[in-house]
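Participant: this one's sequence-less:
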């Protein structure tokens, strides 16, 4: 039941600067019903109370939601969530209006009056406008003139939310900053890893259980630094003049009337803090503390996971926050067969296979190798049981493996058997085919070529290693319809054995055990007759990394082969000479960027001054393989170029997004080029995250 | 076919430029199989020193046989064969011998009977490869 109700409101601004007239915009809607009828009203609302929900947005009713805004009503307070929403239950229905006040750093606060009937659910959208700068304070600038989505400046010097020492606004300049966007995988050392996360209770579930927590470290005071609240806002120099001789100095204004203060002698003693608290204008003093980023990388808890350097090297753990695969995706492993009885392979996820090698019956696709079961290793990389407290983790926690035996473990196989295996896999439901095998590309076999083209016509994605003899790319990798994968070691260097050539498309971890076995790729294996694990090297093991990532992409609904291939290319970490090359192809696969479709062409790019003035944002144009954004009319001087990709799709910059910021010396005129390597937000230094948040206003 | 045994091959043709203690040789034996002529090709590799020898195979292939005629390759055992792409490390214990045996049917890669003299080579496909031969064979 819908009941309309009279709503009266008033508004007033309570900005931190006092000289700008304010236009109040408020959208208000009421829905309500009595009792538990449709149209609104939460269960439990009493007859003498009503419920209130709303959203705080910026600039317009259709503006971006403001997270972390403070909303006060009826002596109660709430903070808006990441989506800008808030809610109050059981607000008292009185004789007069209830005053609701909303405010956020960098915005003018607003007050509105709410009048509602008992039992109603009131919905309100509160629109905040940015705090306009007073004369002499830093203002916003939009060098490109055609973008205005809240990322412009005017909010201070970029050192905090709305804070910063007043500095003159920079006039637009004549320089152009060209920003080339690259993506990088986050090295394992820079990505804090959590304690083990829970494996999905339903192994068919495509989404991992998400757990986040601080990276196990408590905040610690920074010696000789304090956050000081003063009675009002003052220029930094004025304060330092006032406090001369006190042994402390203001480093910078943080926000509003809060300042970062440090001891001139770096003296952390309590007496300094006590003396600081007694200085004129001081309201409160608290130690500044070091904090650490919250990690959102998954550790599935398999005991050998820490030895699997190859997975974080290509951002697989980050990809797990999006998907851990699906049993609906079938990956055919054309190989020596597998050991389905390996305890770290889920026998229930192994679909019926076939043997085409001439040494065993057609129904026997098991691998009889006593040492190194090649097919078992490949299958384990793609989809070993994960989160089972045993062995290694697979790239896919859930996937279906189709073993297609085309090689004998002792003497290889025939090209004809490979062709038969491809055909059989396609006709029996495979979505992805991994071929960690090769033959000389000078031998052009029509039968196999036709089977490859048959598979491609059915939308099956094929992946193959390029070969190990430091020579030309072998078949089947060299076929245009097959993704050719070379190998790198754990330091992202081309593996000593990896073949190369124009057909090479991507690289992935293949390992290098020449100095230490642990530098190889770890997977499920047969060792001296026993089921176990071993480290190995070769393009045999780089290909299944790509096949595994393709399966992850498939599980998110990215199924078009051309789209998959384009994404893999565009999101790869460029290695070697800039752009595609014969040794690294388009680069090192980036699983997270691939599954989130975080292509560099989608980046938002700008330049920000130390005073918080922003030019841009704009987006890259031109060649997707060399995405370059032009930020125009930038003022000369030391500025910072920034870029970010909304990988999470929530419109906000934060966890899970890709970003980077870096200094650039902008000339008086002309063009300066800078390259930004975007990494996942969670692994960025805290300082960079602060600067990015200020620059983007998100 | 791979055989690991302690016996020695007869009429071996040692490979040049293979430093001891790994000796390497190819031999050929004409045979008749099902009434048709054929040739048993044998590659022998043996560790003759007193210490273990380590070799690296870049992939699943460990040997090859090549038939040349008039300077042109007319047959190769590994043609039309595929191998896995895992690097393999292999050790030879002192005195250990590996025999690799394959049968050639006397035809070129297109199935045409071969006549006249041919040269037979064998390759241990290590990194770098170790080649032995040739053994001259007259096919009449």
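Facilitator: That came through fine. In this text, all values refer to a predicted model and were calculated from it rather than measured experimentally.
Participant: what helix or strand is residue 100 on?
Facilitator: Answering for chain A, as no chain was given. Using DSSP states H and E, residue A:100 maps to strand A:98-103.
Participant: looking at chain B here, not the other one
Facilitator: Element membership for residue B:100, per DSSP H and E: strand B:97-104.
Participant: then residue B:31?
Facilitator: Using DSSP H and E, the element containing residue B:31 is strand B:22-33.
Participant: where does pLDDT dip in the stretch 351-500 of chain A?
Facilitator: Along the stretch 351-500 of chain A, no part satisfies pLDDT under 70.
Participant: oh sorry, the question was meant for chain B
Facilitator: B:1-20.
Participant: partner strands of the strand holding residue B:31, parallel or antiparallel?
Facilitator: Applying DSSP bridges to the sheet, strand B:22-33 is found paired with strand B:13-14 (antiparallel), strand B:36-47 (antiparallel).
Participant: what comes into contact with whichever helix or strand comes after the last one?
Facilitator: Moving toward the C-terminus from strand B:36-47, the first helix or strand encountered (DSSP H and E) is strand B:53-57. The set of residues external to strand B:53-57 that reach it, using Cβ atoms under 8 Å, 6 or more residues apart in numbering or on different chains, is B:21-22, B:47, B:87-92, B:124-127. In short, each C-beta sits where N, CA and C put it, glycine included.
Participant: mind redoing it with 10 Å?
Facilitator: Under the criterion Cβ atoms under 10 Å, 6 or more residues apart in numbering or on different chains, residues A:468, A:497, A:514, B:20-22, B:45-47, B:62-63, B:83, B:86-94, B:96, B:124-130 lie in contact with strand B:53-57.
Participant: of the residues you listed, buried ones?
Facilitator: For those, a burial check counting by 16 or more other Cβ atoms under 10 Å in any protein chain shown picks out A:468, A:497, A:514, B:21-22, B:45-47, B:62-63, B:83, B:86-88, B:92, B:96, B:124-127, B:130.
Participant: name the residues of the stretch 251-400 of chain A found near chain B, please.
Facilitator: A:334, A:335, A:336, A:371, A:372, A:374, A:375, A:377, A:378 (Cβ under 10 Å from any Cβ of the partner chain).
Participant: thought residue B:27 was touching residue B:120?
Facilitator: Yes. At 8.8 Å, residue B:27 counts as touching residue B:120 under the criterion of Cβ atoms under 10 Å.
Participant: common neighbours of these two, please.
Facilitator: Going by Cβ under 10 Å, 6+ apart, residues that sit against residue B:27 and also against residue B:120 are B:13, B:41, B:132, B:133, B:135.
Participant: need the residues you listed in a markdown table with distance to residue A:484, can you?
Facilitator: Output for these, formatted as a markdown table (distance: Cβ to Cβ, whole Å):
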| residue | distance to residue A:484 |
| --- | --- |
| B:13 | 39 |
| B:41 | 33 |
| B:132 | 33 |
| B:133 | 34 |
| B:135 | 38 |
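Participant: now a PyMOL select for only the buried ones of these.
Facilitator: Buried residues among these (16+ other Cβ under 10 Å), as a PyMOL selection:
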select buried, chain B and resi 13+41+132+133+135
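Participant: now, which of the shared contacts of residue B:27 and residue B:120 sits nearest chain A?
Facilitator: residue B:41 (14.1 Å; Cβ to the nearest Cβ).
Participant: touching, that closest one and residue B:76? I think so.
Facilitator: No. In this structure, residue B:41 is not within contact of residue B:76 by Cβ under 10 Å, at 11.4 Å.
Participant: shared neighbours of the two, anything?
Facilitator: Common neighbours of residue B:41 and residue B:76 (Cβ under 10 Å, 6+ apart) are B:65, B:66, B:67, B:121.
Participant: the residue lying closest to residue A:103 once chain neighbours are set aside: how many residues sit nearby?
Facilitator: With sequence-adjacent residues excluded and distances taken as Cβ to Cβ, 6 or more residues apart in numbering or on different chains, residue A:103 is closest to residue A:109, at 3.2 Å. Applying other Cβ atoms under 10 Å in any protein chain shown, we find 20 residues neighbouring residue A:109.
Participant: before we move on, back to that, for the strand holding residue B:100, name the packing helices and strands.
Facilitator: Here strand B:97-104 touches strand B:2-5, strand B:22-33, strand B:36-47, strand B:63-69, strand B:116-124, going by 3 or more Cβ pairs under 10 Å, 6 or more residues apart in numbering or on different chains; DSSP states H and E.
Participant: quick check, residue A:512 in a helix?
Facilitator: No. Assessed with DSSP: H, G, I helix; E, B strand; the rest coil, residue A:512 is coil; it does not lie in a helix.
Participant: report the buried residues of whichever helix or strand residue A:77 is part of.
Facilitator: Using DSSP H and E, the element containing residue A:77 is strand A:76-79. Buried residues in strand A:76-79, counted by 16+ other Cβ under 10 Å: residue A:78.
Participant: residue A:273 - how many residues pack around it?
Facilitator: Under the neighbour criterion other Cβ under 10 Å, residue A:273 is assigned a count of 20.
Participant: nearest spatial neighbour of it, chain-adjacent residues omitted?
Facilitator: Nearest one to residue A:273, counting by Cβ to Cβ, 6+ apart, is residue A:285 at 6.0 Å.
Participant: that older thread, what's in contact with the strand holding residue A:77?
Facilitator: A:52, A:54, A:56, A:67-72, A:85-91, A:101-102, A:104.
Participant: which of those fall in strands?
Facilitator: When DSSP state E defines the strands, the subset of these inside them is A:52, A:54, A:56, A:70-72, A:85-91, A:101-102.
Participant: what is the end-to-end distance of stretch A:649-666?
Facilitator: End-to-end distance of stretch A:649-666 (Cα to Cα, to the nearest Å): 32 Å.
Participant: pLDDT of that stretch, averaged?
Facilitator: In this model, stretch A:649-666 has a mean pLDDT of 94.
Participant: most neighbours, which of the shared contacts of residue B:41 and residue B:76?
Facilitator: Among the shared contacts of residue B:41 and residue B:76, residue B:67 has the most neighbours (other Cβ under 10 Å), with 26 neighbours.
Participant: what's across from it in the sheet?
Facilitator: As for beta bridges, residue B:67 partners with residue B:75, residue B:120 under DSSP bridges.
Participant: right, and it touches residue B:116 too?
Facilitator: No. Checked against Cβ under 10 Å, the pair residue B:67 and residue B:116 is beyond contact range at 11.7 Å.
Participant: just the buried residues from the residues of the stretch 251-400 of chain A next to chain B, in ChimeraX please.
Facilitator: The following ChimeraX line selects those of those that are buried, judged by 16+ other Cβ under 10 Å:
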select /A:334,335,336,372,374,375,377,378
